[in-house]
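Asks: got a sequence here, can you model it:
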Amino acid sequence: MELPGVQLRTLLELTRSRTMTAAATALGYTPGAVSLHIAALERATGTELVRRAGRRVELTDAGRTLAVHAERILGAQAEAVAALERARGEVAGRLRLGVFGTAAALLLPPALRRLAARHPQVRVVGREVDVDQAYAEVLAGRVDLALGLDYPDAPLARDGAVELVRLRTERFSLAVPAGRAPREAAPLPLAEAAAYDWILPSAGSYYGRAIRTACRRAGGEPRVVHEVTDTATSLAMVGAGLGVAPLTGLMLRLRSAGIAAVPLRETVERHIVVAVGTAARSRPSVAALIAALRAGAEPDAETDTASDAETRSAAGPEAEAGDGREPGPEAAPGPRVGAGRPERHTQGSARTGRTASPAGVTAPPDGAAGPRAGRPRAGGGQSAGSSGGGHAGRLPSGTAARAWPTVG
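Replies: Just a heads-up that it's a prediction; the model follows:
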């Protein structure tokens, strides 16, 4: 009797989820694929394993018995692989790593260079995954580890079979058009920021849900006028004056042209994590890759210097010379942008590093409030419509307009 691991994992998830649709969502399959896996197991065992009970499914006695043994079988397989690696007395092997675009472009290269220098016999095969599906990809056994994002305001579901190892935490600031950045030294309350036009992913994503939750807790509701999942595209739209968007240090390295960072009064964070099977944690190759990823996720002098140079270039010579002029987004030359597709829908760092923003506003270092690049007085600076151009952050009627993010 052959019992493939992928089908056993499906049975285990169906035990937890109790519906074909929920199991399919957790595993990243279609409901039809889940049904096929269960049907294949029933043919292999010659026994009915599940039966319908309204909208849900229930395991038969035989199904529950097999589920108990399935967990043991899959755990034993993972432990056997780990034991064989340890027995060889060397750090070697092939690992399948799930990555999302930003991680592939910015975090993976330094991590793999470090891993190759220390453990050249470890081979890493990357596979791009939806950042919201990183956990499910590991749970389903399609990858050994996966880089992902976890938000305190919209946390990933936890499962005893998969662990989340935190690599880095980043604090959000707000990206605004560079030419309209505020000058007063006061962080911006989220409740006030919510009055502007926002560029966010959908509320169905972890990222979109986390930002909306943080705004609501602060007493505001973000006015989302553009639903965009691609981070580089969102920041390009900010640079073009179409709205504001959340920003972290890693995002700024991905795209800095035409934008400036404004610190938020409230602490809103995201964690860069790696999801890994609990049993696989003891594999020497897995431990080595996690260590390299953690080291690669930390800001260092080299990346901070490069980021500073890029954002100074994006600010233009006038802003770099400090003569007080504010270049508009259209005057900002493009920075170097990391290769690969940027993160879709969607950060405490061991070291902090300040990154100068394109408009001379200092972005807050990861995990810290950072220097105060504040907001203007109500009614101060340039008023809405004074430039004759579009207005990316229209305020409700009767409210004094900020000096940003009006675009002229």
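Asks: what about the closest residue in space to Gly258 that isn't next to it in sequence, how many neighbours?
Replies: Using C-beta to C-beta, 6 or more residues apart in numbering and skipping the chain neighbours, the partner closest in space to Gly258 is Gly239 (2.7 Å). Glycine gets a C-beta too; all of them are placed from N, C-alpha and C. If you count neighbours by other C-beta atoms under 10 Å, Gly239 ends up with 27.
Asks: look up how far Arg223 lies from Gly239.
Replies: Per C-beta to C-beta, to the nearest Å, Gly239 is found 19 Å from Arg223.
Asks: poorly predicted segments of the protein, please.
Replies: Counting by pLDDT under 70, the chain contains low-confidence ranges at 181-182, 184-185, 300-408.
Asks: most residues in a single helix of it, which one?
Replies: helix 61-88 (DSSP state H).
Asks: quick one, helices of the protein?
Replies: 5-17, 20-27, 31-45, 61-88, 101-102, 108-118, 134-139, 190-193, 206-217, 231-239, 249-254, 284-297, 301-321.
Asks: looking at those, which is nearest to Thr267?
Replies: helix 206-217 (8.9 Å; C-beta to C-beta).
Asks: count of residues packed around the closest residue to Ala214 other than its chain neighbours?
Replies: With C-beta to C-beta, 6+ apart as the measure, Val268 is the residue that lies nearest to Ala214, at 4.5 Å, once sequence neighbours are left out. Residues contacting Val268 under the criterion other C-beta under 10 Å number 25.
Asks: if we can go back for a sec, for the longest helix of the chain, packing partners?
Replies: If you count contacts as 3 or more C-beta pairs under 8 Å, 6 or more residues apart in numbering; DSSP states H and E, helix 61-88 packs onto helix 5-17, helix 31-45, helix 284-297.
Asks: could you redo the last one with a cut-off of 7 Å?
Replies: Under the contact definition 3 or more C-beta pairs under 7 Å, 6 or more residues apart in numbering; DSSP states H and E, helix 61-88 sits against helix 5-17, helix 284-297.
Asks: out of those helices, which gets nearest to Asp230?
Replies: Across the helices and strands packed on helix 61-88, Asp230 has its closest neighbour in helix 284-297 (21.2 Å, C-beta to C-beta).
Asks: buried residues, that closest one. List them.
Replies: For helix 284-297, a neighbour-count test (16 or more other C-beta atoms under 10 Å) marks 284-290, 292-297 as buried.
Asks: want to throw those into CSV with distance to Ile199?
Replies: Output for these, formatted as CSV (distance: C-beta to C-beta, whole Å):
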residue, distance to Ile199
Pro284, 44
Ser285, 40
Val286, 37
Ala287, 39
Ala288, 39
Leu289, 34
Ile290, 33
Ala292, 34
Leu293, 29
Arg294, 31
Ala295, 32
Gly296, 28
Ala297, 25
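Asks: which two in the residues you listed are spaced the farthest apart?
Replies: Within the buried residues of helix 284-297 (distances taken as C-beta to C-beta), the two that end up farthest apart are Pro284 and Ala297, at 20.5 Å.
Asks: chain center to stretch 58-72: distance?
Replies: Chain-centre distance of stretch 58-72: 35 Å, with C-alpha atoms, centre = their mean, to the nearest Å.
Asks: now what about it, what contacts it?
Replies: Around stretch 58-72, the neighbours that count as contacts under C-beta atoms under 7 Å, 6 or more residues apart in numbering are Leu8, Leu11, Leu12, Thr15, Thr45, Thr47, Glu48, Leu49, Val50, Arg51.
Asks: and the residues you listed, which are buried?
Replies: Among those, the ones that count as buried by 16+ other C-beta under 10 Å are Leu8, Leu11, Leu12, Thr15, Leu49, Val50.
Asks: between those, which sits nearest Thr169?
Replies: Leu12 (31.2 Å).
Asks: phi, psi of the residue of the chain most remote from its centre?
Replies: Here the chain reaches farthest from its C-alpha mean at Gly46, the gap being 43.8 Å by C-alpha atoms, centre = their mean. Dihedral pair for Gly46: phi 70, psi 30, per degrees, to the nearest 10.
Asks: check contacts around it.
Replies: So Gly46 contacts nothing (C-beta under 7 Å, 6+ apart).
Asks: from here on, count from 36
Replies: With the count now opening at 36, the last piece we talked about shows up as Gly81.
Asks: please report how far it lies from Met36.
Replies: Distance from Gly81 to Met36, by C-beta to C-beta: 9 Å.
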